[in-house]
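Engineer: sequence and predicted model, in that order:
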Protein chains: 2
Amino acid sequence: MASITPWRQLLLDSIQANKHLRHSEYFQLATVKENGRPANRTVVFRGFIQGTEKLQFTTDARSQKIEEIKTQAFGEICWYFTDSREQFRIGGFLNVIGNAETNPLRLKIREQAWFQSSLDSRLQFAGPSPGIPCVKNGPDDNTTPKLDPAEGPVENFCLVTLEPQEVDYLNLRKMKRYSFVKTGDFSWTQRELIP
Amino acid sequence: MASITPWRQLLLDSIQANKHLRHSEYFQLATVKENGRPANRTVVFRGFIQGTEKLQFTTDARSQKIEEIKTQAFGEICWYFTDSREQFRIGGFLNVIGNAETNPLRLKIREQAWFQSSLDSRLQFAGPSPGIPCVKNGPDDNTTPKLDPAEGPVENFCLVTLEPQEVDYLNLRKMKRYSFVKTGDFSWTQRELIP
């Protein structure tokens, strides 16, 4: 099992301290588009991959971020905790576990994430493609997707992991800032910075 | 004066509806680094440039985003309103108004932003460079910067504007999503999308 690195302990503490706020589970993920411009959206944190430092979230295979990750596999999370006034900027490698995955362990992780999602969340992956224009009064207008709660992940369900390489922590209440940089498989350096 | 475009009315309504929450003034700005990787951080909204659709915020001339904007002038804001559960993704051109500015109108706008900032905010621009390592017990350790409240902007104070080109609006409560794309100097198209 991975030891708890200093930044991860800080993050776990922040999650705990802000637990009463539903939006404290949301962070913003920046990626880079094929045209070299940045993209930024809110994503729901789905916990760490057990025994690792990798953060996980889910997405639809038809969403733009899948293409963006193919172009540039490095992403940056900005996670601001509104109550404790702490910000984590977490840069790292993004990895998509989709329907075409063949590794049994990774398929298992994807399946676990599926069953940990609410039924409402799951239904979104079975519905029409997110981000395409609505067709009013079209033939599919009244189709509500149905799902058996016992059924495993649908084709469009993807689990994405971010493996942190650098973390910038800012505490606006204490006016403290720390930088953590990964230097090896299990080692990180830590430096205090001017906020 | 610019007419109020549909996305801007939505945004003004959200700002108003979430006004009781201090953090509703904060959004996340994604830029692209020289190495092609994304950067993402929380920024404080400082209002629109009067009579325009340009959003403004302030930054330090010594901060990394200044270099990033030189590399890639397009940025994307992700602004999530926690109470009303609305997200605005606003992509547009970033423009920095710094100390070397010569245009009198732009210098005036920068000066206004300076005086609209709190004294505490202003002091940060007069202090040591943000993001550099702290030097403990160094010769400058106890130096507290001083500023005359009547004095104009210090050298490091920059105003940044973002001129929106595309806006993606998502309302998680109503499960509605709209896309707005700028098609001309004063014209936008609007489409409803699958959320």
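Structural biologist: On my side now, so go ahead. Numbering: from 1, shown residues only, chains lettered A, B, ... in the order given.

Engineer: for chain A, which residue occupies the most central location?
Structural biologist: Closest to where the C-alpha atoms of chain A average out (Cα atoms, centre = their mean) is A:F57, at 3.4 Å.

Engineer: what's the closest non-adjacent residue to it?
Structural biologist: A:V43 (4.7 Å; Cβ to Cβ, 6 or more residues apart in numbering or on different chains). Any C-beta I mention is one placed from the backbone N, CA and C, and that applies to glycine too.

Engineer: I figured A:A61 was touching A:I97, is that so?
Structural biologist: No: counting by Cβ atoms under 8 Å, A:A61 does not reach A:I97; the two are 10.8 Å apart.

Engineer: so for these two, which residue has more residues nearby?
Structural biologist: Taking other Cβ atoms under 10 Å in any protein chain shown, A:A61 and A:I97 do not tie; A:I97 has more neighbours (24 against 16).

Engineer: returning to what we had before: where does the residue nearest to the centre of chain A land on pLDDT?
Structural biologist: Listed pLDDT for A:F57 reads 98.

Engineer: list the contacts for it?
Structural biologist: Contact partners of A:F57, counting by Cβ atoms under 8 Å, 6 or more residues apart in numbering or on different chains, are A:L29, A:V43, A:V44, A:F45, A:R46, A:L159, A:V160, A:L162.

Engineer: what's the burial count for the third one?
Structural biologist: Right, A:V44. 13.

Engineer: ok, now the fifth one?
Structural biologist: The tally of other residues near A:R46 (other Cβ under 10 Å) stands at 19.

Engineer: same check, this time on A:Q16
Structural biologist: Around A:Q16 there are 10 residues (other Cβ under 10 Å).

Engineer: host element of it?
Structural biologist: Assigning secondary structure by DSSP states H and E places A:Q16 in helix A:6-17.

Engineer: related to what we said a few turns ago, what do A:A61 and A:I97 both touch?
Structural biologist: With Cβ under 8 Å, 6+ apart, A:A61 and A:I97 have common neighbours A:C158.

Engineer: rewinding a little: just checking, the residue nearest to A:F57 is part of a strand?
Structural biologist: Yes: A:V43 forms part of a strand when assessed by DSSP: H, G, I helix; E, B strand; the rest coil.

Engineer: need the contact list for it.
Structural biologist: A:V43 sits next to A:Y26, A:F27, A:Q28, A:L29, A:F57, A:T59, A:I77 when contact means Cβ under 8 Å, 6+ apart.

Engineer: what does A:Q72 give?
Structural biologist: A:Q72 makes contacts with A:T31, A:V32, B:G36, B:R37, B:P38, as judged by Cβ under 8 Å, 6+ apart.

Engineer: how about the residues of chain A near chain B?
Structural biologist: Within reach of chain B by Cβ under 8 Å from any Cβ of the partner chain, chain A has these residues: A:21, A:23, A:26, A:28-32, A:36-42, A:72, A:74-78, A:80, A:82, A:87, A:89, A:91, A:127-134, A:177, A:191-195.

Engineer: among the residues you listed, which are located in helices?
Structural biologist: If you go by DSSP state H, these have nothing in helices.

Engineer: what about the residue nearest to A:E101 when sequence neighbours are not counted, neighbour count?
Structural biologist: Leaving aside its sequence neighbours, A:E101 sits nearest to A:L107 (Cβ to Cβ, 6+ apart; 5.2 Å). A:L107 has 16 neighbouring residues, counting by other Cβ under 10 Å.
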